[in-house]
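Visitor: Generate a structure from the sequence data that follows.
(2 chains, ligands or ions: 2)
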Amino acid sequence: MAVPQKRSGRTPRARAATAPASAPSVRPGAPKRRRSGAATPSGPSGPPAPGTDASGDTGTIPSVSSGLAAEPPQVLADYYRQMVLVRVFEQRAAEMYTRAKIGGYCHLNLGEEATVVGLMAALERTDYLFTTYREHGYALCRGIDPGRVMAELFGKATGVSGGWGGSMHLFDTDARLLGGYGIVGGQIPPATGAALAIAYRSDPGDEAEAVMCLMGDGTTNIGAFHESLNLAAIWNLPIVYVVVNNGLGMGTTVQAASGEPDLYRRGGAYRIPGVRVDGDDVIAVRDAARQALHSARAERQPMLVEAVSSRLRGHSVVDPARYRSPEDTERARRLDPVPTLRSHLIETGILDLAAVTKIEAEVEDVVTAAVTFADESPPPAVADLFAHAYATPVPNTPHRLPADALMVSEP
Amino acid sequence: MTEMSYRQALHDTLRAEMLRDESVFLLGEEIGIFEGSYKITAGLLQEFGPRRVRDTPISEEGFVGAAVGAAMLGLRPVVELMTINFSLLAIDQIVNHAAKIHAMFGGQAAVPMVIRTPGGGGQQLGATHSQNIEVYYAHVPGLKVVAPSTPADAKGLLTASIRDDDPVLVVENLALYNTKGDVPDGDHVTEIGTAAVTKEGTDLTVVAYSRAAAIALDVAHRLEDEHISVEVVDLRSLRPLDRETICASVRKTTRAVVIEDDWLSYGIGAEVAATIQEGAFYHLDAPVRRVAAAEVPLPYAKSLEHAALPHAGDLLAAIHETLDATGFAP
Ligand SMILES: Cc1ncc(C[n+]2csc(CCOP(=O)(O)OP(=O)(O)O)c2C)c(N)n1
Ligand SMILES: [Mg+2]
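Guide: Ligands and ions are numbered 1, 2, ... in the order given. Predicted structure coming up:
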């Protein structure tokens, strides 16, 4: 019988150069670390982006980007508020799941708050967002009322998808959130098509619309990822693909699953410039995403951003994550972006303890109100089961419940 | 006989076949370190090692196709697709390749592979994660498709599938994994292509497979109290379909109801009903009724999901209406 071999971490691949197609706004520069303070662009040579920590961060110390100091206090306070909102919302969602208020699959953004807030801060109101099933935080930071998000998780008629989608399938036309998608990689071709629609209808420019397409690290192994990047490259589409790298698919590591584990390099085959950023650093994420979005909207240069963070809990609320080593779990806890930003705000005097506590209390109230709203909302009516059968009504649409006879045939 | 869960029966069968035949190996997403999304493969990586229990990236088309190629060289890959919904990403390799290679190359090559995958709704997993799309595969010549409803058949059919020289899709069901039943000890092979009469009866035949077959059996037992004698035919094999067992039952009972978890139009029940009208027409006392899922992408909300899926009550209603229509009095 073969003995199980320990999958030791793969040694880093040769840093093969990826050559950007057209001159992208992100300058090339070889990455030094998995977790650097800020954007680490890929490419053959050139200076690292401002804020890049090339000094050898071991990845064990929570990084605070140098960008933080330059940020207006009000902005940082607002980002902190949003990160706490995601944190508290997700914790409450987990609790509601154990109380059977929420069913099905429920994937949380716990540990990814800085990435969520940073990415959404970079997006303009007019941009479109396609995302995965791990999307509650994105919906909240897109400005959707937390009550309507929680109501969707509860399967209520007042939910963002009318109770039809659940946790994995949030959608809001006004917020231009064009869906959370449960099939791994399913969002990538439609997101690419949305970018095609933008390019079809309008000209590039600083104010032009763009698409952001989110996916997890494991998703970069699906064929649709590669086909879509190629289309975006040959059609010059205004899209930014963002890989939210939390190190794990469900239990499979990036190292085990990806021939090129430096995921930001995976656009190289399509000459799509890639940049890796510390996903625990809200400002670094925002700035990298903003820059990439600018290339997309102004130059029609598709871009790839990889934001590296950690998942604080299991793949979904029911996963005890027994496959994770205690060191890995401990590391995730140490890098937790929410307490990190909190300490930074207090230590630098941007906010005092009272102000931080006030934010947290206000968020608690918002989430409690969301739960109450969700709980008190009505479920969708069974009479509406066929309400969305087709966008264009058509004769002979089946409107049959399971026990109904299909037709009547009298003897 | 040993009582065990459907999950355990699948697990034990995989293990037994791996011990029996070195060419049998497993591949799929999260089947090793994570021990399987539904824990069917728990412990097998530790026992057999990564050569024979291979975790794959999320690349369904790639690794299903890789299994096709490995099978062409005589290995017996057993692929786990996390759910049948994700088989759609691999459908080209299943339908255009696995199913075609034997015939299209004049019988020179065989593709002795198995794809195990659970289907089923009712878990509030929403429209893309709750489907019963086995009919897509049951439609395709060159494939064999089985759908065990009991732990014993899970063992017998999985064993037969692994030993079979054709590509076989083994359709499991999320709602059945925890169900229990007696499983024959030792070697137990259920012939693919054969249905089972899981309860004999004289008044009406219920035809079903997978989860619905378990419902049918339960309903049939309940109706004994009302002195209604229902015979249950569990298809077990969707391709090939055991048409003779279905028709023999209906010729005896003169009435038939089909219950299935898939959508009604073009579903498995349509094939069964067509078979009955051809093979038992002159014995029928009533039209064949079909109980099937409402034809909508399955909603998440519990209330809607429940309304859209068939349940025991729906089957009971259809049985009673069929009996009433023929003036049946117990
Ligand atoms: C096509 C497909 N295959 C498999 C799955 C099951 N699945 C859901 S999430 C997931 C892991 C995805 O990992 P990653 O892309 O890293 O995203 P994360 O969950 O870490 O955010 C898998 C395998 C699926 N939903 N769709
Ligand atoms: Mg991941």
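Visitor: what's the residue most central in space within chain B sitting at in phi/psi?
Guide: Nearest to the centroid of the C-alpha atoms of chain B, with distances taken as C-alpha atoms, centre = their mean, sits residue B:147, at 1.6 Å. Torsion angles at residue B:147 (phi, psi; degrees, to the nearest 10) stand at phi -150, psi 80.
Visitor: Let me see the contact set for it.
Guide: Counting by C-beta atoms under 8 Å, 6 or more residues apart in numbering or on different chains, residue B:147 makes contact with B:134, B:170-173, B:209-210, B:235-238. C-beta: built from backbone N, CA, C; applies to glycine.
Visitor: Name the SS class of the residue in chain B positioned nearest to ligand 2, please.
Guide: Sorted by distance to ligand 2 under C-beta to the ion, the residues of chain B start with residue B:58, at 9.8 Å. For residue B:58, the assignment made with DSSP: H, G, I helix; E, B strand; the rest coil gives coil.
Visitor: For the nearest residue to residue B:275 once chain neighbours are set aside, what are phi and psi?
Guide: Nearest residue to residue B:275 in three dimensions, chain neighbours excluded: residue B:243, at 4.7 Å (C-beta to C-beta, 6 or more residues apart in numbering or on different chains). For residue B:243, the backbone dihedrals (degrees, to the nearest 10) come out as phi -70, psi -30.
Visitor: Isn't residue A:270 up against residue A:229?
Guide: Yes. Contact criterion C-beta atoms under 8 Å: residue A:270 and residue A:229 qualify, at 4.6 Å.
Visitor: Now stretch A:345-359: buried residues?
Guide: Neighbour-count burial for stretch A:345-359, counted by 16 or more other C-beta atoms under 10 Å in any protein chain shown, picks out A:345, A:350-351, A:356, A:359.
Visitor: Quick check: the farthest pair among the residues you listed?
Guide: Maximum pairwise distance in the buried residues of stretch A:345-359, criterion C-beta to C-beta, is 11.8 Å, between A:350 and A:359.
Visitor: Would you mind listing the residues touching both of those two?
Guide: Overlap between the contact sets of residue A:350 and residue A:359, as judged by C-beta under 8 Å, 6+ apart, is given by residue A:77.
Visitor: Now for residue A:201, how many residues are close by?
Guide: The local packing count at residue A:201 equals 8, with neighbours defined by other C-beta atoms under 10 Å in any protein chain shown.
Visitor: Could you do residue B:73 as well?
Guide: Residue neighbour count, defined by other C-beta under 10 Å, stands at 8 for residue B:73.
Visitor: Before we move on, what's the pLDDT of it?
Guide: Note on residue B:73: pLDDT of 98.
Visitor: so how far is residue A:367 from it?
Guide: When distances are taken as C-beta to C-beta, to the nearest Å, residue B:73 and residue A:367 turn out to be 56 Å apart.
Visitor: now the residue of chain B found nearest ligand 1, what's its secondary structure?
Guide: In chain B, no residue comes nearer to ligand 1 than residue B:86, which is 4.1 Å away by C-beta to the nearest ligand atom. Classification of residue B:86 by three-state DSSP places it in helix.
Visitor: Next up, the contacts around it.
Guide: In this structure, residue B:86 makes contact with A:183-184, B:60, B:117, judged by C-beta under 8 Å, 6+ apart.
Visitor: most surrounded residue in the residues you listed?
Guide: Neighbour counts for the contacts of residue B:86, by other C-beta under 10 Å, peak at residue B:60, which reaches 27 neighbours.
Visitor: Okay, and which of the contacts of residue B:147 map to strands?
Guide: In strands, defined here by DSSP state E, the members of these are B:170-173, B:237-238.
Visitor: Now the closest residue to residue B:177 other than its chain neighbours. Its backbone dihedrals?
Guide: The shortest distance from residue B:177 to any non-neighbouring residue, by C-beta to C-beta, 6+ apart, is to residue B:7 (4.4 Å). As for residue B:7, its main-chain torsions (degrees, to the nearest 10) stand at phi -60, psi -50.
Visitor: Can you report how many residues lie near residue B:7?
Guide: A count of nearby residues for residue B:7, using other C-beta under 10 Å, gives 21.
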